[in-house]
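[1] What follows is a predicted protein model with its sequence.
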Amino acid sequence: MRVLLVAYGSRGDVEPMVALALSLRELGTDVQMCAPPDFAELLDGFGLPLVPLGRSVRAMATKAVTGPEKPAAEGLSERAARLVAATYEEVAAVAEGCGAVLATGLLPAAAAARAVAEKRGVPYGFVAFFPTYLPSPHHPPLAWPGRPAPTGVADNRALWDLNAEDMNLLFGGAINTHRASVGLPPVDDVRGHVFTDRPWLAADPTLAPWLRPADLDVVQTGAWIRQDERPLPADLVAFLEAGEPPVYVGFGSMPMRDAQDAAQETVAAVRAQGRRVLVSRGWAGLAAADDGDDCFVVGEVNQQALFGRVAAVVHHGGAGTTTTAARAGAPQVIVPQMADQPYWAARVAELGIGAAHDGPVPARASLSAALATALEPGTRARAQAVAATIRTDGATVAARRLRETMNDTMNHHA
């Protein structure tokens with residue numbers, strides 16, 4: 001029996017699903033991955049078959065950030081309708097023989113995945129990779145484009161109620177129209193329908209604890225980490241060994257409107273602290289500020305092997321990068337761009353394992369000040385202490401739980 005894993009999002013959504021897929025495979029369970037076409041090469045490297053979902057996420061994200069203007073809330077419903085229909089068609093086509101469906105990423109795509117599970121009569125689950133995506137009295141919801149939080153409302157539960165109304169308004173029509181077309185009844189709470197009343201949280205309990213009491217019965221498994229065995233490139237190793245540990249700078253799957261300005265400001269901030277700099281190109285296409293021999297540019301590399309050899313990690317604050325740096329005991333400076341990234345920046349600062357940059361634009365003076373905090377000996381000592389607490393078995397825990405769910409369902413129908 002197979003498990004269908006559906007992830008419509010960036011690398012931060014897909015990479016943990018790959019870790020889960022590999023853990024499931026080790027336990028003898030077949031896996032079918034459904035994800036954007038951007039990740040075909042990644043999955044192919046592990047022999048995981050990919051059903052490509054929709055258009056390139058990288059192309060859409062780059063257009064949204066670097067285009068003439070950011071997309072407004074208007075048009076979201078139309079785009080959601082297309083995404084629901086396309087995702088349902090692509091996932092349903094490979095659902096034969098599946099025993100469970102687990103989804104993450106954009107809400108309309110996850111709604112389509114749940115519809116497939118309903119039609120096949122198999123368990124469905126939703127996983128989030130950071131706590132603030134899930135409703136809780138302990139934090140407010142993320143703001144949606146064109147729908148800022150109303151002024152004067154400070155109670156988190158009230159804000160989550162408004163968030164549920166927004167989800168219904170933005171996506172309810174598209175989701176229910178599609179459900180009717182495939183013979184399923186309408187839903188009146190889109191967010192609750194997609195998240196379920198027992199979602200999973202694949203995040204480390206030290207870095208990102210789920211606070212109780214809470215309205216949802218969240219299952220926190222620990223972060224889903226894929227062990228990376230790739231060696232570092234020889235030229236990168238030579239750079240690392242040619243001097244003191246450098247500061248790593250990379251913004252992962254975040255396109256940036258003024259990427260070269262950001263690179264120049266960031267390199268200058270690192271040099272102001274008397275450090276060499278290692279620049280990761282990422283989706284922003286960062287490049288060296290000049291041809292100085294204290295600066296080295298890398299593409300896709302094994303961060304698990306690299307982060308233990310750098311003085312600090314300056315990054316956007318994605319869940320995966322934050323967890324990898326924390327696990328390596330590397331001090332961090334997070335320059336949050338969007339979504340969950342302000343949460344991770346705040347957590348790194350609260351834990352004393354790094355600093356949160358004020359705002360998404362890395363400016364020389366402010367970034368240098370944040371780096372000064374991260375490079376203090378006390379910060380590294382705390383980062384190394386926290387590193388010893390990071391769990392690495394989250395994907396195995398989740399894989400076993402998923403297999404138990406499938407077995408229980410099979411026994412119930414026997």
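    Structure received. All values reported here derive from a predicted model rather than from experimental measurement. Numbering: from 1, shown residues only.
[2] any low-confidence regions in the stretch 51-200 of the chain?
    Applying pLDDT under 70 to the stretch 51-200 of the chain flags the ranges 63-74, 145-147.
[3] Break down the stretch 1-150 of the chain into its helices, ranges please.
    Along the stretch 1-150 of the chain, the segments classed as helices by DSSP state H, counting those that start in this stretch run 11-26, 40-44, 57-66, 76-92, 107-120.
[4] Could you report the neighbour count for Gln384?
    14 (other CB atoms under 10 Å). Yep, even glycine has a C-beta here, placed from its N, CA and C like the rest.
[5] Quick check: it is in a strand.
    No: counting by DSSP: H, G, I helix; E, B strand; the rest coil, Gln384 is not found in a strand; it is helix.
[6] so what's the residue lying closest to it once chain neighbours are set aside up against?
    In space, and not counting its chain neighbours, Gln384 is closest to Gly329: 3.9 Å by CB to CB, 6 or more residues apart in numbering. Gly329 is in contact with Gly308, Arg380, Ala383, Gln384, Val386, Ala387, counting by CB atoms under 8 Å, 6 or more residues apart in numbering.
[7] Just confirm the second one contacts Pro331, I think it does.
    Yes: if you go by CB atoms under 8 Å, Arg380 and Pro331 touch, sitting 5.4 Å apart.
[8] Compare those two (neighbour count), which wins?
    Neighbours per residue, other CB under 10 Å: of Arg380 and Pro331, the larger number sits with Pro331, 30 against 18.
[9] correct me, but the more buried one touches Gly354?
    Yes: the criterion here is CB under 8 Å, and Pro331 meets it with Gly354 at 4.9 Å.
[10] what residues are shared contacts of those two?
    Joint contacts of Pro331 and Gly354 (CB under 8 Å, 6+ apart) are Ala312, Val313, Ala374, Thr379, Ala383.
[11] Please point out which parts of the longest helix along the chain sit buried.
    Longest helix in the chain by number of residues, with DSSP state H as the criterion: helix 394-413. Of all the residues in helix 394-413, those buried under the rule 16 or more other CB atoms under 10 Å are Gly394, Ala395, Thr396, Val397, Ala398, Ala399, Leu402, Arg403, Thr405, Met406, Thr409.
[12] Skipping adjacent residues, who's closest to Thr87 in space?
    Nearest one to Thr87, counting by CB to CB, 6+ apart, is Ala112 at 3.8 Å.
[13] How confident was the prediction at Met410?
    Note on Met410: pLDDT of 59.
[14] where exactly do the helices run in the stretch 251-400 of the chain?
    For the stretch 251-400 of the chain, the helices defined by DSSP H, counting those that start in this stretch cover 259-272, 303-306, 319-328, 341-351, 364-374, 377-387, 394-413.
[15] quick revisit: put together a markdown table for the shared contacts of Pro331 and Gly354, with neighbour count and distance to Pro131 on each row.
    Below are the shared contacts of Pro331 and Gly354 laid out as a markdown table (neighbours: other CB atoms under 10 Å; distance: CB to CB, whole Å):
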| residue | neighbour count | distance to Pro131 |
| --- | --- | --- |
| Ala312 | 29 | 25 |
| Val313 | 29 | 22 |
| Ala374 | 24 | 24 |
| Thr379 | 20 | 24 |
| Ala383 | 24 | 21 |
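[16] May I ask which two of those residues are separated the most?
    Val313 and Thr379 (11.9 Å; CB to CB).
[17] what's the overlap in contacts for these two?
    What both Val313 and Thr379 touch, as defined by CB under 8 Å, 6+ apart, is the set Pro331, Gly354.
[18] hmm, back to that, of all the helices of the stretch 1-150 of the chain, which one is nearest Ala143?
    Evaluated over the helices of the stretch 1-150 of the chain, closeness to Ala143 peaks at helix 76-92, with 13.4 Å, by CB to CB.
[19] Can you list the buried residues in the closest one?
    Those would be 76, 79-81, 83-88, 90-92, for helix 76-92 by 16+ other CB under 10 Å.
[20] Looking at the residues you listed, which one is closest to Ala117?
    Closest to Ala117, out of all of these and judged by CB to CB, is Val91, at 9.2 Å.
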